[in-house]
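Undergrad: No letters, just coordinates:
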C-alpha cells in the first residue's frame, strides 16, 4: 500500500481570536497520480471535520508534487469556508474573493562562529592555533513564522501558453494588492493544478511572505555574526535572501585570524534581466486586479 500520512510538523493553525480557525495540513505520499491519491480513503475529503476542532472542516485539498514526482497533498480546513473553491468559468475572480491565509514555519540559516583553539602539529611539536568554529545547527538554524497565502480557482482548461506564464512566475516576488488586500511582497511558489472536469481546471496558487531576519546578535572578539544591514530597520538578513560564508584570510596585528565574511544572495527575484515582476501575479489564470 502506498504511503499517505500527515507530514511531521506539517500542520499550521491560525486562530483569529474572534472564533475563526484556519488549518493548513501538509501530507506526504508515495503516490505518483493525483487521482489515485485523492481516492485514498485515508485522505480527508471535503466537509470532513478536523479530529481536534469542532466545526472546523475541510474546505478543499490541493495537490503539489515533489522533484521525484511524488504527490504532496495539502488539506485546508476552516470554520468560515476560508479555503472554499472559487467557482469561476470566465477565467477571472471577483475582487471580493478572499484567499486562504495561514502561517508557515520556515527554517532560516543564520551563520554564527566562535573563536576557538586547536593543536596543530608544526614539525615535531604541537602548537596552539586559533580558528573560527561554526556554531552547531541548533544555534544557526532559526524557525520563523511567515504569512502564507493560498488561492484556489476553477478556470477554463489552461493552454500551453498559460502554463508557460505560470512557470515563469515561480520564485518571483509579487507585490500582492487588489483582491488580496494589503500591500506586502510574497514569493510565488509552484502551484498545483488538475482537471476539474472535461472543460475546466482547478489551480491552487501559493505565496509566502519573507520580511527578512532581525539582528539578534552582535559580533565581538569572540563571536562573529552577520552585521546589521545599514538603513534596514535592524535586519541582518534581507528579505528573500540566503547567506554565503567565506573564510577570513590572514590575521590581524594581534595574530588573531580574521573572522568569516558574510554575503547574501537572492533566492527569489522581484527584478531579473530588466523585468520587474511585482505586478505579474495579474497574468496568472483566474486572477485580475
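TA: Yep, that arrived. Everything quoted here is computed from the prediction, not taken from an experiment. Numbers count the residues shown, from 1 in each chain.
Undergrad: count of residues packed around residue 275?
TA: Burial of residue 275 is recorded as 11 neighbouring residues (other C-beta atoms under 10 Å). To be clear about C-beta, it is placed using only N, CA and C from the backbone, and glycine gets the same treatment.
Undergrad: What's opposite it in the beta bridge?
TA: residue 272 (DSSP bridges).
Undergrad: Same check on residue 117?
TA: residue 130.
Undergrad: Same check on residue 126?
TA: Where residue 126 sits in a bridge, its partners, by DSSP bridges, are residue 121.
Undergrad: I figured it hits residue 119, correct?
TA: Yes - assessed by C-beta atoms under 8 Å, residue 126 is found in contact with residue 119 at 4.5 Å.
Undergrad: tell me which residues of stretch 244-263 are tucked away?
TA: 245, 248, 257, 259-260, 262 (16 or more other C-beta atoms under 10 Å).
Undergrad: Which ones among those residues lie within strands?
TA: Mapping the buried residues of stretch 244-263 onto strands (DSSP state E) picks out 245, 262.
Undergrad: Residue 133: neighbour count?
TA: 12.
Undergrad: who touches it in this structure?
TA: 113-116 (C-beta atoms under 8 Å, 6 or more residues apart in numbering).
Undergrad: Please check those and keep the buried ones.
TA: 113, 115.
Undergrad: ok, of the contacts of residue 133, which one's closest to residue 158?
TA: Comparing the contacts of residue 133 against residue 158 with C-beta to C-beta places residue 113 closest, at 48.5 Å.
Undergrad: That closest one against residue 224, yeah?
TA: Yes - contact between residue 113 and residue 224 holds when scored by C-beta under 8 Å: they sit 4.4 Å apart.
Undergrad: Identify the contacts common to the two.
TA: Joint contacts of residue 113 and residue 224 (C-beta under 8 Å, 6+ apart) are 132, 259-260.
Undergrad: out of these, who's nearest residue 24?
TA: Residue 24 has its nearest neighbour among the shared contacts of residue 113 and residue 224 in residue 260, at 36.8 Å by C-beta to C-beta.
Undergrad: isn't the closest one right next to residue 115, touching?
TA: No - if you go by C-beta under 8 Å, residue 260 and residue 115 don't touch, sitting 11.0 Å apart.
Undergrad: Overlap of the contact sets of the two?
TA: The contact sets of residue 260 and residue 115 overlap at 132, 224 (C-beta under 8 Å, 6+ apart).
Undergrad: can you pull out the helices in the stretch 51-200 of the chain?
TA: 137-140, 160-168 (DSSP state H, counting those that start in this stretch).
Undergrad: Give me the domain ranges for the protein.
TA: Domain assignment for the chain by automatic domain parsing gives 1-79, 85-289.
Undergrad: Switch the ones you listed over to JSON lines; also include mean pLDDT.
TA: Listed next are the domains of the chain as JSON lines, based on pLDDT from 0 to 100:
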{"stretch": "domain 1-79", "mean pLDDT": "88"}
{"stretch": "domain 85-289", "mean pLDDT": "86"}
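Undergrad: what does stretch 252-266 rub up against?
TA: 111, 113, 115, 130-132, 219, 221, 224, 226-227, 237-238, 240-251.
Undergrad: how about 6 Å then?
TA: 113, 130, 132, 224, 226, 238, 240-241, 243-248, 250-251 (C-beta atoms under 6 Å, 6 or more residues apart in numbering).
Undergrad: circling back to that earlier point, could you work out the most separated pair of the buried residues of stretch 244-263?
TA: 257 and 262 (15.5 Å).
Undergrad: The nearest residue to residue 66 once chain neighbours are set aside and residue 43, how far apart?
TA: Among residues not flanking residue 66 along the chain, residue 72 sits closest, at 5.9 Å (C-beta to C-beta, 6 or more residues apart in numbering). According to C-beta to C-beta, to the nearest Å, residue 72 and residue 43 sit 12 Å apart.
Undergrad: can you check residue 176 too?
TA: 29 Å.
Undergrad: of the two, who's got more company?
TA: Using other C-beta under 10 Å as the criterion, residue 176 and residue 43 rank with residue 176 on top: 22 against 19.
Undergrad: residues contacting the more buried one?
TA: The contact partners of residue 176, by C-beta under 6 Å, 6+ apart, come to residue 186.
Undergrad: For it, which residues count as its bridge partners?
TA: Applying DSSP bridges to residue 176, the residues it is bridged with are residue 184.
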